[in-house]
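A.B. asks: based on what follows, work out the 3D shape:
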Amino acid sequence: MKNVSEYFGSMVFDDRVMKANLSARVYRSLKKTIDEGAQLDISVANAVAAAMKDWAVARGATHYTHWFQPLTGVTAEKHDSFISPSPDGGVIMEFSGKELIKGEPDASSFPSGGLRATFEARGYTAWDPTSYAFIKGKTLCIPTAFCSYGGEALDKKTPLLRSMEALNRQALRILRLFGNDTVKCVRTSVGPEQEYFLIAKEMYDQRPDLRFTGRTLFGARSPKGQEMDDHYFGVIKPRVAAYMEELNEELWKLGILAKTEHNEVAPAQHELAPIYTTTNIATDHNQLTMEVMQRVAAKHGLVCLLHEKPFAGVNGSGKHNNWSIATDSGVNLLSPGETPYENAQFLLFLCAVIKAVDDYQDLLRLSVATAGNDHRLGANEAPPAVVSIFLGDELNGVLEAIESGKPYNGTEKTQMKLGVDVLPLFNRDTTDRNRTSPFAFTGNKFEFRMLGSSNSIACANIMLNSAVAESLKIYADRLEGAEDFETALHEMIRKTIRDHKHIIFNGNGYDDAWIREATERRGLLNYRTTPDCMPHLLDKKNVEMLTSLGVFSEAELKSRCDIMLENYCKTVLIEANTMVDMARTLIAPAVEGYTLKLAKTAAAKKALDPGIVCSYENGLVRRLSALTDRIAAGAEELESAVTALCMTEGIIEEANTIRDRILPKMGELRLACDEAETLTAKSDCPVPDKPPQKNLPAQASAALRKDWAACGFR
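C.D. replies: Next comes the predicted model:
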């Protein structure tokens with residue numbers, strides 16, 4: 001049996017490796033760059049590159065790549081070998097500091113939102129020394145930022161690093177006001193809980209909708225879904241457990257802190273949760289995690305689905321973003337301590353978050369907006385599209401006492417008595433959890449629960465870091481000029497509570513009454529779809545905040561708005577075209593074929609005995625014939641609506657048209673096809689709802705049946 005502690009991080013050029021392979025001078029200089037943002041000297045880069053190459057080659061690596069995160073939502077890499085020609089006709093293995101620091105991939109074929117023209121191809125990748133290099137296969141992967149020839153950020157990492165620097169600057173100003181002169185850096189940390197589905201590859205291969213779009217576009221509901229709540233935290237089936245075991249091993253080799261695994265609510269749905277780490281590293285790790293999940297699944301004859309809503313009628317998948325702020329000395333600035341009422345520093349940072357979430361609800365909402373996530377948000381499985389904060393009874397009581405100026409009596413500890421002597425006694429927490437809240441305080445961190453399962457966590461954390469940095473900047477500007485710091489601090493906390501308490505909601509976020517209260521009485525925003533929220537990225541207040549902090553330029557913001565709306569449009573159009581194709585070439589012919597069988601059966605019965613009524617066959621033939629006409633008409637209308645999109649002007653109008661015309665017609669076509677499925681014999685259905693059993697060896701057939709049972713679908 002392998003010892004995890006021995007192979008954990010074995011494929012990572014981490015701090016342990018650097019200490020062992022770099023000179024003391026080089027190591028100290030590199031650590032100063034990583035910890036304090038000091039400029040990197042080329043001599044240090046050369047020494048690091050040489051040590052990195054030797055370490056990688058010793059582990060079988062033959063190539064290196066600048067691994068980056070363009071605006072496609074996935075990662076990118078171009079591989080170069082370490083070989084260089086030697087005078088004797090052989091090769092030597094070389095890797096320089098210049099090659100480590102900078103790469104030059106073409107930028108013309110990545111989304112740029114107008115920042116680059118097609119003929120303007122040059123782009124640059126720049127080493128991010130704060131995120132460790134790692135080996136994947138035979139390639140040394142070097143995490144990098146990606147920018148254009150003109151210096152504009154064309155990736156997700158660069159703005160994320162900028163947002164972290166902005167928050168660091170403002171948080172240090174606040175800490176200095178509290179007399180803390182020893183802290184050198186304030187970082188945000190994230191632990192993203194990743195939900196996903198596992199299904200048998202044989203079933204996946206026979207579903208064009210899954211292969212092209214990541215979700216089922218057709219399919220009547222199963223007689224049994226998640227109604228019995230028997231999958232959540234249930235016993236993990238052997239095949240899935242074997243997958244999880246290998247997944248953990250591969251992630252641990254890459255230094256990814258995979259901690260928790262369990263069955264989720266929906267059949268075939270599962271979750272992996274890591275220990276949280278610095279935000280940009282957590283972002284890199286989550287991108288790697290999604291890649292490794294899918295690669296390992298293929299080895300087990302499974303497919304890992306990361307779409308937010310792969311199956312209608314059961315829960316979709318999210319990615320809970322557990323976010324906190326801490327100093328380089330390890331102090332969590334969102335930890336209340338024993339007496340949160342008296343902990344002024346904690347209360348100020350808490351208020352900064354409350355103010356940020358209220359002031360920039362729109363940015364948080366649009367940071368998680370995708371075509372897939374639109375299907376998930378607002379259902380009884382995920383937070384609503386309305387952004388609110390859950391604080392719990394104790395913190396809520398503290399804030400109410402501060403606002404009113406009355407003393408806070410505190411919440412007494414209650415010992416849990418379970419009525420069984422052998423069970424241990426323990427104190428109940430002073431606050432319950434709220435799983436319906438989009439943004440919930442969970443003891444020493446906030447859990448942002450609106451992210452979709454396929455999302456990069458970079459976007460949400462860019463907006464969250466930036467919004468909190470802006471709040472802290474406003475606070476620091478006021479407090480640095482105050483004559484009486486304590487009086488000004490107390491008044492500012494009270495003002496924040498008074499001005500922003502409408503964003504705090506501790507009740508049931510799934511209740512329709514809350515949505516009415518939020519929008520009608522509290523004035524909170526309710527952007528239900530991507531086209532509703534994405535254009536607000538360019539609202540004046542958002543542009544001013546993000547540009548003043550140096551997180552984005554105005555041109556970069558405009559490009560991202562266009563890219564995200566274009567991605568939304570392309571996603572839905574691929575789904576619409578897939579639906580038209582499946583309806584015409586698979587579903588309608590199958591329904592017609594079964595209808596013909598019924599008609600022939602009725603005719604044969606009548607020929608045998610004219611007195612046979614054949615009411616079943618006749619009634620079903622009429623229903624299926626009507627449904628076939630509806631399917632044909634629905635496919636025609638959907639195709640016409642897609643064709644008419646060429647008449648729209650601008651990406652915003654196109655996105656709105658897709659929301660208002662295309663999606664409703666897709667829903668109508670699905671209704672007709674799903675109803676026809678419920679009336680058609682399973683043997684005649686062209687799209688399987690279980691793995692195929694024909695033409696397979698008995699052993700394989702049995703294995704497939706076992707796999708499907710493990711997945712939990714009929």
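A.B. asks: torsion angles phi and psi at residue 446?
C.D. replies: Here is the backbone geometry of residue 446 (degrees, to the nearest 10): phi -110, psi 140.
A.B. asks: pretty sure it sits against residue 460.
C.D. replies: No - judged on Cβ atoms under 8 Å, residue 446 makes no contact with residue 460 at a distance of 11.4 Å. Any C-beta I mention is one placed from the backbone N, CA and C, and that applies to glycine too.
A.B. asks: got a list of what residue 645 touches?
C.D. replies: Residue 645 makes contact with 573, 654, 657, 658, 662 under the criterion Cβ atoms under 8 Å, 6 or more residues apart in numbering.
A.B. asks: among those, which two are most distant?
C.D. replies: Within the contacts of residue 645, 573 and 657 form the most distant pair, 10.9 Å apart (Cβ to Cβ).
A.B. asks: still on that earlier bit, so which of the contacts of residue 645 wins on neighbours?
C.D. replies: Of all the contacts of residue 645, the highest neighbour tally under other Cβ atoms under 10 Å goes to residue 658, namely 27 neighbours.
A.B. asks: just the closest of the contacts of residue 645 to residue 547, please.
C.D. replies: Out of the contacts of residue 645, the member with the shortest distance to residue 547 (by Cβ to Cβ) is residue 654, at 26.7 Å.
A.B. asks: just put the contacts of residue 645 in JSON lines and tack on distance to residue 310.
C.D. replies: Listed next are these as JSON lines, based on distance: Cβ to Cβ, whole Å:
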{"residue": "573", "distance to residue 310": "19"}
{"residue": "654", "distance to residue 310": "26"}
{"residue": "657", "distance to residue 310": "26"}
{"residue": "658", "distance to residue 310": "20"}
{"residue": "662", "distance to residue 310": "20"}
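A.B. asks: next step: those residues restricted to helices.
C.D. replies: 573, 654, 657 (DSSP state H).
A.B. asks: of the contacts of residue 645, closest to residue 189?
C.D. replies: Among the contacts of residue 645, and counting by Cβ to Cβ, the member closest to residue 189 is residue 658, at 37.3 Å.
A.B. asks: may I ask you to confirm that that closest one is in contact with residue 531?
C.D. replies: Yes - when contacts are counted by Cβ under 8 Å, residue 658 is listed as touching residue 531 (7.4 Å).
A.B. asks: now do the shared contacts for those two.
C.D. replies: In contact with both residue 658 and residue 531: residue 568, using Cβ under 8 Å, 6+ apart.
A.B. asks: for the stretch 401-550 of the chain, which segments count as strands?
C.D. replies: 414-416, 426-428, 439-441, 446-448 (DSSP state E, counting those that start in this stretch).
A.B. asks: now tell me which of the ones you listed the model trusts least on average.
C.D. replies: Across those, strand 426-428 has the smallest mean pLDDT, namely a mean of 47.
A.B. asks: so where is the stretch 101-250 of the chain shaky, pLDDT-wise?
C.D. replies: Where the stretch 101-250 of the chain drops to pLDDT under 70, the residues are 116-121.
A.B. asks: tell me where it has strands.
C.D. replies: With DSSP E, counting those that start in this stretch, the ranges of strands along the stretch 101-250 of the chain come out as 102-103, 123-127, 134-136, 139-148, 186-200.
A.B. asks: just the C-alphas of the second one, formatted as CSV.
C.D. replies: Once non-C-alpha atoms are left out, strand 123-127 reads as follows in CSV (Å, rounded to 0.1, in the frame of the first residue of the first chain):
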residue,chain,number,x,y,z
GLY,A,123,0.8,37.0,-27.5
TYR,A,124,2.9,36.5,-24.4
THR,A,125,2.9,34.1,-21.5
ALA,A,126,4.6,35.2,-18.3
TRP,A,127,5.6,32.9,-15.4
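A.B. asks: distance from that strand to the middle of the chain?
C.D. replies: Here the centre of mass of C-alpha atoms in strand 123-127, compared against the chain's by Cα atoms, centre = their mean, to the nearest Å, lies 25 Å away.
A.B. asks: who's in contact with it?
C.D. replies: By Cβ under 8 Å, 6+ apart, strand 123-127 touches 45, 66, 68, 100-107, 110, 116, 142-149, 154.
A.B. asks: narrow those to those that are buried.
C.D. replies: Among these, the ones that count as buried by 16 or more other Cβ atoms under 10 Å are 45, 66, 68, 100-101, 103, 105, 107, 110, 116, 142-148, 154.
A.B. asks: any idea which residue sits dead centre in the protein?
C.D. replies: Among the residues of the chain, the one closest to the centroid is residue 455, at 3.1 Å (Cα atoms, centre = their mean).
A.B. asks: for that residue, give me its contacts.
C.D. replies: Residue 455 neighbours (Cβ under 8 Å, 6+ apart): 73, 319, 368, 370, 373.
A.B. asks: give the closest residue to the third one in space, chain neighbours not counted.
C.D. replies: On the basis of Cβ to Cβ, 6 or more residues apart in numbering, the spatially nearest residue to residue 368 that is not a chain neighbour turns out to be residue 450, at 4.5 Å.
A.B. asks: what of the first one?
C.D. replies: If you skip the residues right next to it in sequence, residue 73 has residue 456 as its closest partner in space, 5.9 Å away by Cβ to Cβ, 6+ apart.
A.B. asks: tell me how many other residues crowd that neighbour.
C.D. replies: 25.
A.B. asks: list the buried residues of stretch 476-483.
C.D. replies: Under 16+ other Cβ under 10 Å, the buried positions of stretch 476-483 are 476, 479.
A.B. asks: and that stretch, how far from the chain's centre?
C.D. replies: Per Cα atoms, centre = their mean, the centroid offset for stretch 476-483 relative to its chain is 38 Å.
A.B. asks: on that earlier part again, and the residue nearest to the centre of the chain, what pLDDT?
C.D. replies: Model confidence at residue 455, given as pLDDT, is 92.
A.B. asks: now do it against residue 287, distance only.
C.D. replies: 11 Å (Cβ to Cβ, to the nearest Å).
A.B. asks: kindly report the same for residue 539.
C.D. replies: Distance of residue 539 to residue 287, computed by Cβ to Cβ: 29 Å.
A.B. asks: who's more crowded, those two?
C.D. replies: The neighbour comparison of residue 539 against residue 287 (other Cβ under 10 Å) goes to residue 287, with 21 against 13.
A.B. asks: hang on, the earlier thing: most neighbours, which of the contacts of residue 455?
C.D. replies: Using other Cβ under 10 Å as the neighbour test, the contacts of residue 455 are led by residue 368, with 29 neighbours.
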